[in-house]
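In: Need a 3D model of the following:
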Amino acid sequence: MRVLLSTIGSRGEVQPVAALASRLQALGQDVRVCVSPDFCDWIEDLGIPAIPLGPAMRPAATSGERSWDLSSPEGRRRAAADAVAAQFATLPEAARGCEVLVACGAVLVAGRSVAELVGAGYVHVHYCPATVPSPHHAPAPWPGWPQDETGPHRQRWAWDARRWNDTWGPALNAHRARAGLAPVEDVRSHVLGDQPLLAADPVLGPWPEPDDPAVRQTGAWILPDKRPLPPELAAFLDAGEPPVYFGLGSMRSPHEDVSRVLVDAARALGRRVIISRGWANLPLPDKGDDCLLVGEVNHQALFRRVAAVVHHGGAGTTTAAAKAGAAQVVLPQVYDQHYWARRVDHLGIGVAHPRGVPTVDSLTGALSRALAPDVAARARDVATTIRTDGTRVAAQHLLDPQLRPSRESRP
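Out: Numbers count the residues shown, from 1 in each chain. Reported below is the predicted structural model:
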């Protein structure tokens, strides 16, 4: 079977796509992926054909700014128009001859339209329960949008549906009209399709209605990482007690001295520190031999050897730390990160830092609680429950004739 997997976003959106593509390829399927240009070389190195989709996500080295600015209504409208245009420009040719188009993440709003155009089956994928409507939880707050913090869940999901229509509807329907497709009135329902997949671990991020046939939870899509740790990092780990890891992934730094805040908080507790540069290009605050700066490394191996993981709350990092049995401190900034912070706290495997810019005092307090023996023990216990078969379950869903999504057709 020929399958197209597509997403637009940072490493957190792309790595699960790579994991499922690798699984499908190992099962003998013809797989290709469309991802942001930042990741095409990495995907190709995995032996998977990759097609660039949309703008680069990594901040430009000269300006530090991403291609899309979501801080204003105009910026959000422009980003939506650009994203939809990029999808209609790239996906139809990439999907030609494919039996299934798998659209991953909330930005892939044109996937179903393209499936209609080429006559392919369609599946939408989300990585967090809070991005899929349910009366049992509130929607994840959209980056850049004023947040609705009050009211019943159903009312907040109604507001969420209006945001989908206001943000994506004009561009999506303009391109659908040009392609000879009927307009869409409810963009969110159209994008989610008949049965979206939820690629999240059922312990970390359970779907609140496990028997609900409208959503299929597969478990997280984890890409096995066999890379050895760099010699300098391995030597640092061997030289003392397990350090604290700090990284923000693809997020901006909440303030320019966040590395200093983290290091001072860890030192207040007698801990060494590993700082990941990430897309924020975080620096070391000084030349102390109790700190080490690293680039992109194997989290699956590293997190098993640290005392705690302090991070932004992305789905991938949260899952990797939980699978490694490391205590966590989550510093959520946007979207689903607030959900993962709450889940880490609720499960007792770490601490959700209060919203706002971390200070030395606030981070020392959160880190102190996360390093408590009972939290460490709970993190190790929960680690044994994290599933690793998410890509197998998803592949079965796509390949089993009884489960395979039906092909889309023009109305």
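In: and the closest residue to residue 160 other than its chain neighbours, what does it touch?
Out: Leaving out its chain neighbours, the residue that sits closest to residue 160 by Cβ to Cβ, 6 or more residues apart in numbering is residue 139, at 4.2 Å. (Each C-beta comes from the backbone N, C-alpha and C, glycine too.) The contact partners of residue 139, taken as Cβ atoms under 8 Å, 6 or more residues apart in numbering, are 130, 131, 133, 156, 157, 159, 160.
In: For residue 139, give its distance to residue 111.
Out: Look at residue 139 and residue 111: by Cβ to Cβ, to the nearest Å, they are 20 Å apart.
In: Quick check, residue 29 in contact with residue 1.
Out: Yes: taking contact to mean Cβ atoms under 8 Å, the distance of 5.2 Å between residue 29 and residue 1 places them in contact.
In: Helix or strand: which one has the residue lying closest to residue 38 once chain neighbours are set aside?
Out: Here the nearest residue to residue 38 in space, its sequence neighbours aside, is residue 58; by Cβ to Cβ, 6+ apart that works out to 4.8 Å. Counting by DSSP states H and E, no helix or strand carries residue 58.
In: Tell me if I am right that the residue nearest to residue 160 is in a helix.
Out: No: counting by DSSP: H, G, I helix; E, B strand; the rest coil, residue 139 is not part of a helix but coil.
In: From the contact counts, what lies against the top helix by length along the chain?
Out: Using DSSP state H, we find that the single longest helix of the chain is helix 153-178. When contacts are defined as 3 or more Cβ pairs under 8 Å, 6 or more residues apart in numbering; DSSP states H and E, helix 153-178 sits against helix 73-95, helix 111-118, helix 187-192.
In: neighbours around the residue nearest to residue 38, how many?
Out: Using other Cβ atoms under 10 Å, residue 58 is surrounded by 16 other residues.
In: ok, which stretches of this protein are helices?
Out: Along the chain, the stretches classed as helices by DSSP H are 11-26, 40-45, 73-95, 111-118, 153-178, 187-192, 231-238, 258-268, 299-302, 315-324, 337-347, 360-370, 373-383, 390-399.
In: hang on, the earlier thing: what touches both of residue 29 and residue 1?
Out: For the pair residue 29 and residue 1, residues contacting each of them under the criterion Cβ under 8 Å, 6+ apart are residue 399.
In: still on that earlier bit, ok, the contacts of residue 139 vs residue 8, which is closest?
Out: The closest of the contacts of residue 139 to residue 8 turns out to be residue 131 (Cβ to Cβ; 14.7 Å).
In: Which pLDDT value belongs to the closest one?
Out: According to the model's per-residue confidence, residue 131 sits at a pLDDT of 93.
In: ok now do it, which residues does it touch?
Out: Each residue near residue 131 by Cβ under 8 Å, 6+ apart is listed here: 106, 139, 140, 335, 336.
In: For the closest residue to the last one other than its chain neighbours, grab the count of nearby residues.
Out: When the adjacent residues along the chain are set aside, residue 336 lies closest to residue 128, with 3.9 Å between them (Cβ to Cβ, 6+ apart). Here the neighbour count serves as a burial measure; for residue 128 (other Cβ under 10 Å) it reads 22.
In: right, and residue 128 touches residue 140 too?
Out: Yes: taking Cβ under 8 Å as the contact criterion, residue 128 and residue 140 are neighbours in contact, 6.5 Å apart.
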